[in-house]
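J.: Got a sequence here, can you build the structure:
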Amino acid sequence: MFTVVLLPLALAIVMLGMGLSLVPEDFSRITRYPRAVAVGTVCQTLLLPLLGALIALAVPMEPAMAVGLVVVAVCPGGPSSNLMTYLARGDVALSVTLTAVSSIVTVITIPLFTNLALQRFLGEGAAIALPVGTTMLQIVLITLVPTAIGMAIRHRWPRPARRLERQMGRMAAGLLALIILLLLIREGSKLPGFLAQVGLAIVLLNLLAMLVGLLAGKLFRLPLAQQVCIAIEVGIQNGTLAIAITAGLLNNPDMAVPAAVYSLLMYVTGFGAILCGRRVVGLARQA
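T.: Residues are numbered from 1 along each chain as shown. Coordinates of the predicted model:
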């Protein structure tokens with residue numbers, strides 16, 4: 001009920017609120033400055049899987065969980081990263097664009113990198129094929145459709161939309177807190193054991209991925225809001241998809257442990273990124 005209904009519904013409501021803050025010019029700006037899309041996509045689809053593999057090799061863990069960690073690293077971003085970018089005052093249009101692009105690219109990279117991880121850590125291969133239609137439909141329904149509806153409302157009724165957007169922002173923060181609370185209630189009894197097994201590796205992956213995204217944005221001298229966006233997009237992956245791949249397609253509960261822990265911890269580290277982003281971007285706007 002929580003994973004299938006409540007979480008997607010909450011995220012769809014959040015995406016509607018983000019759509020109220022967007023206008024078509026936000027996306028046309030991205031096409032004029034494609035460097036941000038290129039930097040974010042390369043970090044997300046190439047550097048992040050490499051980082052995940054290095055951590056899996058460096059931190060002692062069972063081989064099956066090492067594979068699970070790599071699977072987390074190769075998954076695209078999702079609505080949660082869009083939500084956190086929005087709350088952190090990052091570039092929301094860029095976030096939605098990167099989520100869409102990475103979701104398409106990872107249809108190829110997930111099977112490739114997952115099979116390499118299986119061969120490296122378990123000495124075996126597996127024929128992995130993502131349910132492309134189902135995956136893309138889920139992304140469209142949760143991410144793109146509510147965003148488009150919000151943008152349409154903003155275009156048709158701009159003044160009410162701006163007032164509603166402020167209220168939706170507060171609702172988004174409340175929903176994020178609710179998601180964290182419900183996850184802790186649902187998985188609280190299992191959390192100590194999970195953390196003991198892969199907690200260090202997950203924290204390293206989460207924090208180092210954000211750092212890689214932030215440094216890449218600074219290296220290419222992107223605007224501050226885009227730096228915040230890329231840091232979050234690279235650091236926050238689709239944990240639900242990782243669970244579906246490991247527990248569903250690969251039918252291995254041990255491989256699903258890193259994804260389960262990641263799905264909990266990413267909201268904690270993401271909340272920290274939101275606080276930092278709001279402070280930094282807010283100070284920059286005041287200056």
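
J.: just so I have it, where are all the strands in the chain?
T.: Secondary structure of the chain (DSSP state E): no strands present.

J.: looking at it, which helix or strand does the model trust least?
T.: Sorted by mean pLDDT, DSSP states H and E, the helices and strands of the chain end with helix 132-139, the least confident at a mean of 55.

J.: quick one: the helices in the protein?
T.: Counting by DSSP state H, the chain has these helices, from start to end: 7-20, 24-32, 34-42, 48-58, 63-74, 79-87, 92-117, 132-139, 145-156, 158-187, 191-219, 224-235, 239-243, 253-286.

J.: Dump the ones you listed into TSV; add mean neighbour count and distance to Gly123 as well.
T.: No exception for glycine: its C-beta is placed from N, CA and C like everyone else's. Output for the helices of the chain, formatted as TSV (neighbours: other C-beta atoms under 10 Å; distance: least, C-beta to C-beta, whole Å):
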stretch	mean neighbour count	distance to Gly123
helix 7-20	22	36
helix 24-32	12	43
helix 34-42	18	30
helix 48-58	20	15
helix 63-74	27	9
helix 79-87	27	34
helix 92-117	21	11
helix 132-139	14	28
helix 145-156	17	43
helix 158-187	15	31
helix 191-219	19	21
helix 224-235	28	30
helix 239-243	23	22
helix 253-286	19	15
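
J.: low-confidence ranges in the stretch 1-150 of the chain?
T.: 1-12, 14-15, 18, 21, 26-27, 29-30, 78, 104, 107, 124-143 (pLDDT under 70).

J.: cutoff 50 now
T.: In the predicted model of the stretch 1-150 of the chain, residues 127, 129-130, 132 satisfy pLDDT under 50.

J.: Isn't Arg35 up against Phe220?
T.: Yes: counting by C-beta atoms under 8 Å, a contact exists between Arg35 and Phe220, whose distance comes to 6.0 Å.

J.: so what's Met168 closest to, chain neighbours aside?
T.: In space, not counting the residues next to it along the chain, Met168 is nearest to Gly17; the distance is 2.9 Å by C-beta to C-beta, 6 or more residues apart in numbering.

J.: so the one you found makes contact with Met171?
T.: Yes: at 6.6 Å, Gly17 counts as touching Met171 under the criterion of C-beta under 8 Å.

J.: surely Leu200 meets Pro60?
T.: No: taking C-beta under 8 Å as the definition, Leu200 is not a contact partner of Pro60, at 9.3 Å.

J.: Spatially nearest residue to Leu164, not counting backbone neighbours?
T.: In this structure, Leu164 finds its nearest non-sequential neighbour in Leu20, 5.9 Å apart by C-beta to C-beta, 6+ apart.

J.: so what's that neighbour up against?
T.: Gly150, Met151, Ile153, Arg154, Ala161, Arg162, Leu164, Glu165, Met168 (C-beta atoms under 8 Å, 6 or more residues apart in numbering).

J.: Return the residues in contact with the residue nearest to the fourth one when sequence neighbours are not counted.
T.: What it means is Arg154. Closest residue to Arg154 in three dimensions, ignoring its sequence neighbours and counting by C-beta to C-beta, 6+ apart: Ala161, at 4.1 Å. Contacts for Ala161 were tallied using C-beta under 8 Å, 6+ apart; they are Leu20, Gly150, Ile153, Arg154.

J.: okay if I get those residues as JSON lines plus distance to Pro76?
T.: Output for those, formatted as JSON lines (distance: C-beta to C-beta, whole Å):
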{"residue": "Leu20", "distance to Pro76": "24"}
{"residue": "Gly150", "distance to Pro76": "22"}
{"residue": "Ile153", "distance to Pro76": "27"}
{"residue": "Arg154", "distance to Pro76": "26"}
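
J.: I'd like to know which of these is nearest to Ala196.
T.: Sorting the contacts of Ala161 by how near they are to Ala196, with C-beta to C-beta, puts Gly150 at the top with 42.0 Å.

J.: Not counting residues beside it along the chain, what's closest to that closest one?
T.: Using C-beta to C-beta, 6+ apart and skipping the chain neighbours, the partner closest in space to Gly150 is Gly19 (2.0 Å).
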